[in-house]
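Asks: Sequence and computational prediction follow.
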Amino acid sequence: MRAGSFCALKARGAMRVQHYRVAGESVAVRNVETPEDVRAFVDWCRSNRSRPVAFDTETTGLDIYAPGFRVRLVQFGTEREAWVLPVDTAAGMGYAPHEAVREALETLPYLLAHNAKFDALAVSAHLGVDLVRLWRRITDTRILAHLLDPRGPQDPDGIGHGLKPLSARHVDPDAPDTQAGLYAEFRKIGHTKETGWAAIDLRNPLYTLYAGLDVILTSRLFAALGPLVEFAGYGRLSEFEHAVALVCARMEARGFLLDVEYTETLAARLLAEADEWSAVARRFGVSSVNAPAQIAAALEGMGENLTETTDSGALKVDKEVLMPIADLDRKWQRIGAREANPLAEAVLRAKRASKWATSYADAMLSRRDGNNRIHPDIASLQARTARMSISRPPLQQLPSGDWVIRRAMQAEPGCVVGAVDYQAVELRVLAALSGDVQMTAAIHAGKDLHGFTAELIYGPGFTEYHRKVCKGIGFGKVYGGGPDTLSRQTGAPLDQVKAAIRAYDRAYAGVRRYSKRLQDRAEWGAKEVVTPSGRRLPLDRRKLYAATNYMVQSTARDVLAEALLRLDERGLTDYLRLPVHDEVVFAAPAADAKDIGREIQAAMSVKDFFGVPLTTDLEIGGRTWGSLYGAAA
DNA sequence: ACTTTCACG
DNA sequence: ACGTACGTGAAAGTG
């Protein structure tokens, strides 16, 4: 069915109803625009209390906490019909049935939503609905879809977790792309993808139709996925993920305080720094430091010999290539091995400064709420290994070697920032899952694992350099890396790395056997690994070597996710600010920070994880996050 | 839309 | 037989 094929009926005094076809069946979208319509909606809610009802919101944008954000429509629906209720009082419709919407959200016992966290946070922040009580009644179809297939749209055979691709697969191959359709409508009314959401008329027929169709599709998606979830035995895991998502949503709602004055000064300084170095690059004929082809040409013109190439065959001029040419080591210190190429150094410094300015400092400033708090998008179930991700701004990947960016985030007045992280959690998970005797014994003995490996391989006279090589090999092996990559990554010569790998496999025979078993099983049976939590992770045919990594990364993620639930049980959620893969960042009153930190530690630590202890480190800093990375406060 | 680069664990 | 480094988010340039 095409978008234009619906017909709108509006007899005098009758509700505006739009009809459409989904999966060969007629569906109705009812627009609530009068007190009479509201009464009909309330009656409908009463008669649907025993059935799952999908809900969704249309809003002015994605930044729930930005000044000016508004919820515009709230929709409810089942497989055959949807009710669209305008709640945007700023739109001048003269009628906004807030009370009915609130009541529906507070009393319907079984709610569905796709990507429910967004809608739940929006209605809790702007319609006064209690988040926790609402969340308890929600099933998020995105969570179900992720459990059934965690692959993203960019992965081989992956379709991702958007409502559109999932509907096309499970509901109706011709289901409309409601978002794309709306963008076209926005352009028609002289707006863009960004501005259209706030500007479009609340009664625009395409807008209300698509709003209604989204809940109908969500209902039907649930009807398709629900039985699959049951059949796969994912009931408990689904409950677990919903609980984890709530803790993360509460972190997101609370937000993390930004030091605005500091960040503004920092952004200006970084921008000036980027400008200075860009000016230097320009003197060498590079008009943009973000244009690799220009940089490569200019460097070759200066007599540099570039050999590394990208996947598409172009000359590579990334940090790894440029640092040696600029005679800089990994800590940006002069090596003294050659004369520094001034263009290479200018490009490196300009790029770093501008990335830090735009991706971090500016991103933080532009996304603060009225109280200068940042509410990053915490996706509790995101990667194909189920790892969490944080975006807008990307607070999980702020520079860690320098404190200047993290210094921007701070605790409330009178409070300090702290962090609790697991010690070498992925290696410990590997030891636990593989049951490797040697590795498990080393952990129990409280040994430094990389030093222990170095001793096994090089003997008691091993050096710090040997330890570093072994650390690289330990990580590289978990990732599935071969000798070439490990040699490149660790900087150690190839023959030495090969010898170290052989020694490593001998020392940790259990790990080797475990990896082989996972891969063999994948080769002969289903192309997947199954984690201890029961999560099934599909493998790419051409990447079966990733089996161990998926297993370890995903299990480590589940360790943190379970820890979040224990933290929540102990009433510690309000202190939490961020999950960062193997750690949590928290803020607490200065006087109690030590006690609270220890409580967090106690909740996170695991005495016996398949025979291996998962221990944690506690760090208490000062007022700012940067203080944990060397800043003064 | 795709590529390249760079920030994290 | 050989060889494969895993997972993210974001900006900017190129086509």
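Replies: Cool, got the structure.

Asks: For the rest of this, base every contact and every neighbour count on C-alpha atoms.
Replies: Noted.

Asks: how about the strands of the stretch 451-600 of chain A, start to end?
Replies: For the stretch 451-600 of chain A, the strands defined by DSSP state E, counting those that start in this stretch cover A:528-530, A:536-538, A:576-579, A:583-589.

Asks: Quick one: mean pLDDT over the second one.
Replies: What it means is strand A:536-538. The average pLDDT within strand A:536-538 is 96.

Asks: tell me the most buried of the strands of the stretch 451-600 of chain A?
Replies: Neighbour counts averaged per stretch over these are highest for strand A:576-579, at a mean of 25; criterion: mean count of other CA atoms under 10 Å.

Asks: Please tell me how far that one is from the chain's geometric centre.
Replies: Chain-centre distance of strand A:576-579: 13 Å, with CA atoms, centre = their mean, to the nearest Å.

Asks: For the stretch 151-300 of chain A, list the residues in contact with DNA strand B, please.
Replies: Residues of the stretch 151-300 of chain A found near DNA strand B (CA under 7 Å from any atom of the strand) are A:P292.

Asks: show me where pLDDT drops low in the stretch 151-300 of chain A?
Replies: The stretch 151-300 of chain A contains no residues with pLDDT under 70.

Asks: In it, what residue lies closest to DNA strand B?
Replies: A:P292 (5.3 Å; CA to the nearest atom of the strand).

Asks: A:A224: how many residues sit nearby?
Replies: By the criterion of other CA atoms under 10 Å, A:A224 has 15 neighbours.

Asks: Under the pLDDT cut-off, which ranges of chain A? List them.
Replies: For chain A (pLDDT under 70), the answer is A:1-13.

Asks: list the contacts for the residue most central in space within chain A?
Replies: Nearest to the geometric centre of chain A sits A:S389, at 1.8 Å (CA atoms, centre = their mean). Applying CA atoms under 8 Å, 6 or more residues apart in numbering to A:S389 gives the contacts A:378-383, A:396.

Asks: A helix includes A:N371, no?
Replies: No - with DSSP: H, G, I helix; E, B strand; the rest coil as the criterion, A:N371 is located in coil rather than a helix.

Asks: Next, count neighbours for A:E194.
Replies: 13.

Asks: what secondary structure does it sit in?
Replies: At A:E194, secondary structure determined by three-state DSSP is coil.

Asks: That one: what's it in contact with?
Replies: Counting by CA under 8 Å, 6+ apart, A:E194 has contacts A:G61.

Asks: Tell me how far it lies from A:L62.
Replies: 10 Å (CA to CA, to the nearest Å).

Asks: How about A:R72?
Replies: For A:R72, the distance to A:L62 - CA to CA - is 12 Å.

Asks: of the two, who's got more company?
Replies: Set side by side, A:R72 and A:L62 show more neighbours around A:R72, with 23 against 15, by other CA under 10 Å.

Asks: For that one, I want the exact helix or strand it lies within.
Replies: strand A:71-77 (DSSP states H and E).

Asks: for that strand, packing partners?
Replies: strand A:53-59, strand A:81-86, helix A:116-126, helix A:205-231 (3 or more CA pairs under 8 Å, 6 or more residues apart in numbering; DSSP states H and E).

Asks: now for the ones you listed, which one comes closest to DNA strand C?
Replies: helix A:116-126 (14.6 Å).

Asks: Mind listing residues that contact that closest one?
Replies: A:56-57, A:64-65, A:70-71, A:113, A:129-131, A:134-135, A:138-142, A:245-246, A:249, A:253.

Asks: How about the residues of the stretch 401-550 of chain A by DNA strand C?
Replies: Proximity of the stretch 401-550 of chain A to DNA strand C (CA under 7 Å from any atom of the strand) is limited to residues A:472, A:475-486, A:489, A:542-546, A:549-550.

Asks: Now list the buried members of the residues you listed.
Replies: Those of these that meet the buried threshold are A:472, A:475-481, A:483, A:486, A:544-546, A:549-550, by 16 or more other CA atoms under 10 Å.

Asks: And the furthest pair within the residues you listed?
Replies: A:G472 and A:L544 (21.4 Å; CA to CA).

Asks: wouldn't the residue of the stretch 151-300 of chain A closest to DNA strand B be in contact with A:V317 here?
Replies: Yes - counting by CA atoms under 8 Å, A:P292 touches A:V317, with 6.2 Å between them.

Asks: more neighbours, the two?
Replies: Set side by side, A:P292 and A:V317 show more neighbours around A:V317, with 24 against 16, by other CA under 10 Å.

Asks: before we move on, what SS does the more buried one have?
Replies: Strictly by three-state DSSP, A:V317 counts as coil.

Asks: Distance of it relative to DNA strand B?
Replies: Relative to DNA strand B, A:V317 is positioned 4 Å away (CA to the nearest atom of the strand, to the nearest Å).

Asks: That residue contacts A:I295, doesn't it?
Replies: Yes - A:V317 is within contact range of A:I295, at 7.2 Å (criterion: CA under 8 Å).

Asks: Contacts for the helix or strand containing A:F41 next, please.
Replies: Following DSSP H and E, one finds A:F41 within helix A:35-47. Helix A:35-47 is contacted by residues A:15, A:31-32, A:83, A:97, A:100, A:104, A:108 when judged by CA under 8 Å, 6+ apart.

Asks: Keep only those of the residues you listed that are in strands.
Replies: A:31, A:83 (DSSP state E).

Asks: beta partners of the spatially closest residue to A:K316 that is not a sequence neighbour?
Replies: Nearest residue to A:K316, sequence neighbours excluded (CA to CA, 6 or more residues apart in numbering): A:T309, at 4.7 Å. Following DSSP bridges, A:T309 is listed with bridge partners A:L315.

Asks: likewise A:R536?
Replies: A:V530.

Asks: how much space between it and DNA strand B?
Replies: 19 Å.

Asks: Helices of the stretch 51-200 of chain A, residue ranges please.
Replies: With DSSP state H, counting those that start in this stretch as the criterion, the stretch 51-200 of chain A has helices at A:98-107, A:116-126, A:131-135, A:141-148, A:163-170, A:178-188, A:196-199.

Asks: Oops, could you answer that again for the stretch 251-400 of chain A instead?
Replies: Under DSSP H, counting those that start in this stretch, the stretch 251-400 of chain A gives helices at A:260-283, A:292-301, A:319-325, A:342-355, A:363-366.
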